[in-house]
Structures are given as structure tokens and as C-alpha cells.
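Engineer: Okay, here's the prediction I keep looking at, along with the sequence it came from:
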2 protein chains.
Amino acid sequence: MYIKELKVMDCTVRDGGLMNKWQFSDEFVKGVYDACVEAGVDYMEIGYLSSEKAFDRKEMGPWKFCHQADLERIVGKNETALKLSAMADIGRIDLDDIPYASDSVLDMIRVACYVHQVDKAIELAHHCMDKGYETCINLMAVSTVGELELDEALRDIAASRVGVFYAVDSYGSMFNDTVQHLVRKYTKALPGKQIGIHAHNNMQLAMSNTITALQEGCTMLDSTLMGLGRGAGNCPIEILIAFLKNPKYRLLPLLKVIQEQVLPLQETIDWGYHLPYMISGALNAHPRKSLEWMDSERKNDFVAFMKAMHDNEVLE
Amino acid sequence: MYIKELKVMDCTVRDGGLMNKWQFSDEFVKGVYDACVEAGVDYMEIGYLSSEKAFDRKEMGPWKFCHQADLERIVGKNETALKLSAMADIGRIDLDDIPYASDSVLDMIRVACYVHQVDKAIELAHHCMDKGYETCINLMAVSTVGELELDEALRDIAASRVGVFYAVDSYGSMFNDTVQHLVRKYTKALPGKQIGIHAHNNMQLAMSNTITALQEGCTMLDSTLMGLGRGAGNCPIEILIAFLKNPKYRLLPLLKVIQEQVLPLQETIDWGYHLPYMISGALNAHPRKSLEWMDSERKNDFVAFMKAMHDNEVLE
């Protein structure tokens, strides 16, 4: 399936950092960067853009902030075809802390928001566009949003200057028909805009949901090395690239960085398919509780977790 | 999605046994059996039906043979709603070694064959039907079969008395459109017969391919606990049951046996998502080479495996 406009975005450091507070070694981040360049990946999301007053630098690694000095230590002036992206959460970044694109190695700022923050997200995205960045908006947790509320948000997005809008399966709770429905809805509501897909792997559906989104016309595909990301993780970029068979991409550099940098992290980070993540996905629940459970001594007591989730649901 | 005729088949012991020569403890097999009964699963495939002269009993565990005495030690007379199945490979079982169904706790014999063995498979299946069993035929490695050859095989199946025919993704190389095409082809060629799906998880698509097959009308769904099976394994039954939401199934007994019996096997058996299995799936190759690689000291050198696979492909 050859699609000329297709873009693949690697989010390994940004989404994976949710599992270790962005405490990656420089060697790791440089390894991911070099692999993305050599593999012909279109974008690499290297972290979050946050203000220092929102988070403690002693607790969070450099990729929670994406300061220019940290970026340049890894990518220099980034004189490659790979574009660099950072994600910005509403309320975690002051507008004055965002440099002009001409003073930054970042090419894109992706704004993540919940449905009640869509107007703020558009304002922030417009601000970034005026400073020279590509932007997009990632609407999170859409699996919990009512239809009327979503339609209103889509009207606001449609009227904005933002060119890319993401279908995001934050809870890993979507099946192929959900993704098909969502992408069709977004495409219809947002003529002229590009649609992206960001999937989570709670029910081992991140790869197939990404294919479904592609078949429905999505042209920005998020993925991570070995699926490294929050909880069950994301669509594995190595499967995606093997599937796409697009001549602009190469698989070997991705395999190399996986065996050298990503695989060893499995000893300290519990991402990927684990039953508590599957249960939270199947229940369309925020991954918070499954992440807490996986951090506890009872991580492998799946029966107790299922019962705890049911009891909480009744209480809530 | 409520489908009255839907049947779920657990193949944990049969397909998982390909990874440990069916050397499961009685406690393990009893645990799987009890869980299937309590969860309302329709069929449990407990192993292979093989003749003693085909395999060495010192090397292979009891579930490679499925003798009545071994079966009864686990299931007694199986006075439950769960039906028991065993798989038979062409040439590995003498007809005289198959007992009458009335003398066995087995309800179904599934015949596995390659395309050139379809006539032999039909003969064996008819023999089993005459002895009182339910049967079906699983056509393996169909991703390497030419269209004309497949059409001829389907005509033979259509003319047989065998009631169930399986779409099998032996190499884990199929995508949603491949599965859709195959199930539609089988359905059209085999009016009045039931179609089943048996998926492998090399590209993390076993669960989604099973959903696709179901959406296309498949009513026999194979799956295993935590996906335990050859190489990358199968469709995980716990995700499938969570997806189906069918009132006849219960998830908790499956979670219980997973945490007590299946999860601990991860320390000795490398099934599931590993890059060599992904590569062999993406290349539509028999899992043999990836299994050998995973058994070697170079198991985590994915770059070398990819290169070796390419070189072999050129040589073959």
C-alpha cells in the first residue's frame, strides 16, 4: 500500500518517558535519533515542552522540558531529513517559554488536550504556528467523550488554522470498528485537514488499529520502538515499517537500536502486554490504576485487579 | 456482538505443547481444563492424536498421544458442557489407533493438513466421523498456496461430509485484508459449512485477525491462554473473551489459571512477541528458522537474523 503523503512519527522517547520520567541516557536518545534518521522515519517526538515551574527538574529527565541545549547535545543542528517534534500539554507550558522556531531545532509542536480544553489547545497551536512551527492537536481520551460534545469540538477544530488532528486511543480500548467510525467522523468534520492515529496496545490492537486508520485515510502514523510507551505501549514501529513496504523506510536501523538500546530496558520497565493493562483497556479505563497495580507487589494477581476495578466502577 | 452459534476453542495445551514437547504437568493441564469448564469455553484441544511408532514417548509428553488413560486422569469422564478435541496430523496416526468416540472422552478430532494432503485429510476425517466424532479440517500454510491449487482443494472439501473448515494463518503473515479475502473465499466455496479461524501472533495481529474473521462470519474461534503457542503464539483467549462480551463466557477463571499456571511458564518458554518471530511473519516464512534462532545464543541479534533470512531466501 503505497501512499505518497504518508508520515511516520516515532514517539519512543516522548511516550516511553511516561514510564521512567524521561530519565533516558543520552546514548539511548542519540541511538533512537540516529536510527530514525537512517530508517527514513519522517518525525521523531523527542519529549514534552514544559515550563520549569510546572515540574521539578530533579525528578524529571531533560526530555520533559526539551531545552535547546539538551536537544543540541543529541542532534546538533539536526541537518537531516528527520523532523523533530515535542508535545505540549495545556497548562504546563507558558507561552513565553516557547522559543521561535527559527531559534529551535524543533519543527513541530503537538498540542495534547482533553475535550474541554479544545479552545485552549487551538489558541496554543495558533501561537506556535505564529512562531513558525508545524502543529497538530491530539484529542485525548475520546473514548469517554459524548457525541454532542465531540461534534462541538470538531466544529472548533474545523474553524481553526491547525492542519493536523489526531485520533487518539488513550486507553487502548478501541476495536477496528471504533477506529473506523472515529476516523470517518474526523475526516467528514474536518475537510482539508490531515488526520493522524495514535494507538495504545492494551488489547494487542495498536498495530491493527493503525492499519485500519491508514486504510480509512489517516496519513500521520504514531509508533514507537518495540511499542515502548505508557502501560501496554504503542504501535511497534518495526512491525509498521515491515507492513508499509514503502521504499523510503528501512527496517534494519530500527532492529539495531532495538537490540542495543530498547530491549535492555525490559529489565527495568514493565511496558507491553500485561494483563492489568489489558483489563483497563477492556474496561475503557484510564491506565492510572493498572500502572499503580503493576508497580505493586500484587502485579501478577490479575483476579484481584479485575475485582478491584469492578468494585471501583460500582463505587464511582 | 452477540452470535448464538459462536464457539470458542482453547488450544493452549495442543499449540503450546509445540514449545515444550507437551511436557506439561498434570496440574497445568487440569488447571486449563477446570478454567475452560468454569469460563464456559466451548471446546478444549488437549493435544495431538499420534501413534506410538510415529514419536518417542520418552521424548514427547502424554499430550502428543492423548491416550484414554492420560485423558481420564485429568478429566475423568468429562461430565461437563466442555467438549474435548485432539488434533491429528496426516501420516502420524494409524486408523486402527483411533478408538470409537463411544469409548473415548474426546468429542472432536481436527485434521491438520497441507494443501497436497487434502484428499488424505478428508479420508481421515470421514473415518473419524464414522467412528462418531465431530471433525474439521485445518488447512495449514495457506499463505504459500497458489490460487488454482487452493480452489481445487476447496472443491474437494465442498464435496466432502466434513462440516467445519479452518482459515489458518500458520506463519502469522496475514493482515486484516488477507483474512477478509480468505474467509470470504472459503464461505463462498463451501456453502453450508462452518468456517473457523486459527491465527498466529507474529505481527501482533492474531487478536485483530480473529475479530476480522468473526466479522466475516467465522463461528469457530481458536485461542490460547496468554497466547501460549508455537513461536509468537496465538490469539489470547482472555482478550477474545473480554471482547466478545457474550453472556455464556466468564473471564475470571481464565485470569486465575493464567496467573497460577501460564505466567510462570514465561521463565522457561519464549513464546509471544519476539523480533525473530515478527521478522519470519513479515517474510511469510515457516517459523522453523525463527524458533531455531530463539533457541541459540544469538537470539537477541535481530539484525543478524534479518540478514540471515534474506540470504537464505536468495539461496533457496
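Structural biologist: Structure's in. What do you need? Residues are numbered from 1 along each chain as shown, chains lettered A, B, ... in the order given.

Engineer: Please report the distance of A:Met220 from chain B.
Structural biologist: 20 Å (Cβ to the nearest Cβ, to the nearest Å). (Each C-beta comes from the backbone N, C-alpha and C, glycine too.)

Engineer: Would you confirm that that residue contacts A:Ile195?
Structural biologist: Yes: A:Met220 lies in contact with A:Ile195 (Cβ atoms under 8 Å); the separation is 7.3 Å.

Engineer: Quick check: neighbours shared by the two?
Structural biologist: By Cβ atoms under 8 Å, 6 or more residues apart in numbering or on different chains, A:Met220 and A:Ile195 have these common neighbours: A:Val164, A:Tyr166.

Engineer: residues contacting the residue nearest to A:Glu59 when sequence neighbours are not counted?
Structural biologist: Leaving out its chain neighbours, the residue that sits closest to A:Glu59 by Cβ to Cβ, 6 or more residues apart in numbering or on different chains is A:Lys21, at 6.2 Å. A:Lys21 sits next to A:Glu59, A:Met60, A:Gly61, A:Lys64 when contact means Cβ under 8 Å, 6+ apart.

Engineer: By neighbours, which of these wins?
Structural biologist: A:Lys64 (23 neighbours; other Cβ atoms under 10 Å in any protein chain shown).

Engineer: Mind checking what secondary structure the residue nearest to A:Glu59 has?
Structural biologist: Put simply, A:Lys21 is coil when judged by DSSP: H, G, I helix; E, B strand; the rest coil.

Engineer: Helices along the stretch 51-200 of chain A, start to end?
Structural biologist: A:68-75, A:118-130, A:147-158, A:176-189 (DSSP state H, counting those that start in this stretch).

Engineer: Mind putting those helices into CSV with mean pLDDT?
Structural biologist: Output for the helices of the stretch 51-200 of chain A, formatted as CSV (pLDDT from 0 to 100):
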stretch, mean pLDDT
helix A:68-75, 97
helix A:118-130, 98
helix A:147-158, 98
helix A:176-189, 98
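
Engineer: Any idea which of these gets closest to chain B?
Structural biologist: Taking Cβ to the nearest Cβ as the measure, those were each checked against chain B, and helix A:176-189 came out nearest at 6.2 Å.

Engineer: about what we covered before: pipe the helices of the stretch 51-200 of chain A into JSON lines and attach mean neighbour count and distance to B:Asp130 per row.
Structural biologist: What follows is the helices of the stretch 51-200 of chain A, written out as JSON lines (neighbours: other Cβ atoms under 10 Å in any protein chain shown; distance: least, Cβ to Cβ, whole Å):
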{"stretch": "helix A:68-75", "mean neighbour count": "16", "distance to B:Asp130": "70"}
{"stretch": "helix A:118-130", "mean neighbour count": "19", "distance to B:Asp130": "67"}
{"stretch": "helix A:147-158", "mean neighbour count": "15", "distance to B:Asp130": "57"}
{"stretch": "helix A:176-189", "mean neighbour count": "18", "distance to B:Asp130": "41"}
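
Engineer: Any chance of TSV for these, columns distance to B:Glu260?
Structural biologist: Below are these laid out as TSV (distance: least, Cβ to Cβ, whole Å):
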stretch	distance to B:Glu260
helix A:68-75	45
helix A:118-130	46
helix A:147-158	42
helix A:176-189	32
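
Engineer: so who does the closest residue to A:His286 other than its chain neighbours touch?
Structural biologist: The spatially closest residue to A:His286, leaving aside those adjacent along the chain, is A:Tyr171, at 6.4 Å (Cβ to Cβ, 6+ apart). A:Tyr171 makes contacts with A:Ala141, A:Ser143, A:Thr144, A:His200, A:Asn202, A:Ser280, A:Gly281, A:Asn284, A:Ala285, A:His286, A:Pro287, as judged by Cβ under 8 Å, 6+ apart.

Engineer: Can you tell me how far A:Tyr171 is from B:Ser25?
Structural biologist: Distance of A:Tyr171 to B:Ser25, computed by Cβ to Cβ, to the nearest Å: 37 Å.

Engineer: ok, now A:Asp56?
Structural biologist: Counting by Cβ to Cβ, the gap from A:Asp56 to B:Ser25 is 50 Å.

Engineer: cool, and A:Ser296?
Structural biologist: Distance, A:Ser296 to B:Ser25, using Cβ to Cβ: 29 Å.

Engineer: now do A:Tyr186
Structural biologist: 51 Å.

Engineer: Repeat that for A:Ser143.
Structural biologist: For A:Ser143, the distance to B:Ser25 - Cβ to Cβ - is 41 Å.

Engineer: again, but for A:Gln266
Structural biologist: For A:Gln266, the distance to B:Ser25 - Cβ to Cβ - is 27 Å.

Engineer: do A:Asp222 as well
Structural biologist: 43 Å.

Engineer: likewise A:Gln215?
Structural biologist: For A:Gln215 relative to B:Ser25 (Cβ to Cβ), the value is 45 Å.

Engineer: Could you do A:Glu152 as well?
Structural biologist: Distance, A:Glu152 to B:Ser25, using Cβ to Cβ: 58 Å.

Engineer: before we move on, back to that, neighbour count winner among A:Gln215 and B:Ser25?
Structural biologist: In terms of neighbours (other Cβ under 10 Å), A:Gln215 is the more surrounded of A:Gln215 and B:Ser25; the figures are 16 against 10.

Engineer: confidence score at that one?
Structural biologist: Note for A:Gln215: predicted pLDDT of 97.

Engineer: Could you do the one 5 residues further on as well?
Structural biologist: As summarised for this prediction, A:Met220 has a pLDDT of 98.

Engineer: does the residue nearest to it when sequence neighbours are not counted have beta-bridge partners, and which?
Structural biologist: Spatially, and ignoring its direct neighbours in sequence, A:Met220 is nearest to A:Gly196 (3.3 Å; Cβ to Cβ, 6+ apart). Under DSSP bridges, the beta-bridge partners of A:Gly196 are A:Tyr166, A:Met220.

Engineer: Is it correct that A:Gly196 is in contact with A:Glu216?
Structural biologist: No: when contacts are counted by Cβ under 8 Å, A:Gly196 is not listed as touching A:Glu216 (11.9 Å).

Engineer: Neighbour count for those two, which is higher?
Structural biologist: A:Gly196 (24 against 19).

Engineer: for stretch A:8-25, which positions count as buried?
Structural biologist: By neighbour count with 16 or more other Cβ atoms under 10 Å in any protein chain shown, stretch A:8-25 contains the buried residues A:8-19, A:22, A:24.

Engineer: How about stretch A:251-270?
Structural biologist: For stretch A:251-270, burial by neighbour count (16+ other Cβ under 10 Å) applies to A:251, A:253-263, A:265, A:270.

Engineer: quick one: which of those is nearest to B:Cys136?
Structural biologist: Closest approach to B:Cys136 among the buried residues of stretch A:251-270 (Cβ to Cβ): A:Leu251, at 37.2 Å.

Engineer: Need the nearest residue in space to that closest one, chain neighbours excluded.
Structural biologist: A:Ile241 (5.3 Å).

Engineer: Any regions of the stretch 151-300 of chain A where pLDDT drops low?
Structural biologist: Residues of the stretch 151-300 of chain A that meet the criterion pLDDT under 70 are absent altogether.

Engineer: and the residue in the stretch 101-250 of chain A that chain B sits nearest to, how many neighbours?
Structural biologist: Nearest to chain B in the stretch 101-250 of chain A, going by Cβ to the nearest Cβ, is A:Ser208, at a distance of 3.2 Å. A:Ser208 has 28 neighbouring residues, counting by other Cβ under 10 Å.
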